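# The following comprises the amino acid sequence and a computationally predicted model.
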Amino acid sequence: MSAKYTLVRYQPGSGKFEIMVDPDKGLAYKRGELGEVGNVLLVDTIFTDASKGEKASADKLEKAFGTSDPLEVAAIMFEKGVFQLTAQQRKEMLDQKLKQIIYIISRSYVDPKSRLPHPPVRITNALEDVRFQIDPYKDAEEQVKDVVDALRRVLPMSSDNVQIAVKIPAEYTMKSYGIAKGYGKMIKDEWQADGSWIAVIEIPAAMQVEMLEALGKATQGNIQSRIVK
């Protein structure tokens, strides 16, 4: 596929229709980032075979789409047909989707033995081992369950929660309170006579390191913590 254009193909029944579109503008339109379909078409023509220059007749268009207007047909084809990604577009979309999925997994699942998150590189290597095919179009959240099911063949994974007790000195409580609350559910929340703050926070086990690092930075390391459950 030339980088100068790509196709949107729609095959209702035994018919086949194609339109030639600008790759970048076409992808933006597919994502809902561009409003006018006419802005992405290289030519206002509906083909039965674009490579051969074979145009669809008005009768065929009326029968398949209920209209022969090329812009109306093009909009339907984008909605129901297949936008053919260029090689570069596909690589970029897959790389971005993979990063999103790995980020979600690393924040949601842990090694059940250590109760610590698997490093991203370990998840990446495991995905290569199980040869899971990421869908560049499908939302990352929607793919996580299937990805985790595949990973569990080679990587032990758990999505348990943990409860972590923390004690913060008075001078760091205001900033630390907001950080802790943003990570999970407050099981215990007590202010001491000296102004220090004691809390028990329930969070996904995979996020405990991230939360403690954030609290450690906010308190300049003046934090006491332990897992209580």
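Arrived safely, thanks for sending.

# which residues are contacting the least confident helix or strand in the chain by mean pLDDT?
Least confident element among the helices and strands of the chain, by mean pLDDT, DSSP states H and E: strand 116-117 (a mean of 84). The contact list for strand 116-117 (CB atoms under 8 Å, 6 or more residues apart in numbering) reads Ser106, Arg107, Tyr109, Val110, Asp111, Ala205, Ala206, Met207, Gln208, Val209. Backbone N, C-alpha and C define where each C-beta goes, glycine included.

# strand partners of that strand, parallel vs antiparallel please.
When pairs are called by DSSP bridges, strand 116-117 turns out to pair with strand 110-111 (antiparallel).

# before we move on, back to that, out of the contacts of strand 116-117, which sit inside helices?
Here DSSP state H is the test, and the contacts of strand 116-117 give Ser106, Arg107, Gln208, Val209 as lying in helices.

# Just send those back as a markdown table, with distance to Val147 and neighbour count too.
Below are those laid out as a markdown table (distance: CB to CB, whole Å; neighbours: other CB atoms under 10 Å):
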| residue | distance to Val147 | neighbour count |
| --- | --- | --- |
| Ser106 | 12 | 18 |
| Arg107 | 14 | 14 |
| Gln208 | 22 | 23 |
| Val209 | 21 | 12 |
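
# among those residues, which two are most distant?
Ser106 and Gln208 (12.2 Å; CB to CB).

# Quickly note the distance from Gln192 to Gln89.
With distances taken as CB to CB, to the nearest Å, Gln192 is found 57 Å from Gln89.

# shouldn't Pro204 be in contact with Arg107?
Yes. Using CB atoms under 8 Å, Pro204 and Arg107 qualify as a contacting pair, with a distance of 6.9 Å.

# returning to what we had before: would you turn the contacts of strand 116-117 into a markdown table with pLDDT?
Converted to a markdown table, these look like this (pLDDT from 0 to 100):
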| residue | pLDDT |
| --- | --- |
| Ser106 | 86 |
| Arg107 | 84 |
| Tyr109 | 88 |
| Val110 | 87 |
| Asp111 | 89 |
| Ala205 | 84 |
| Ala206 | 84 |
| Met207 | 86 |
| Gln208 | 87 |
| Val209 | 85 |
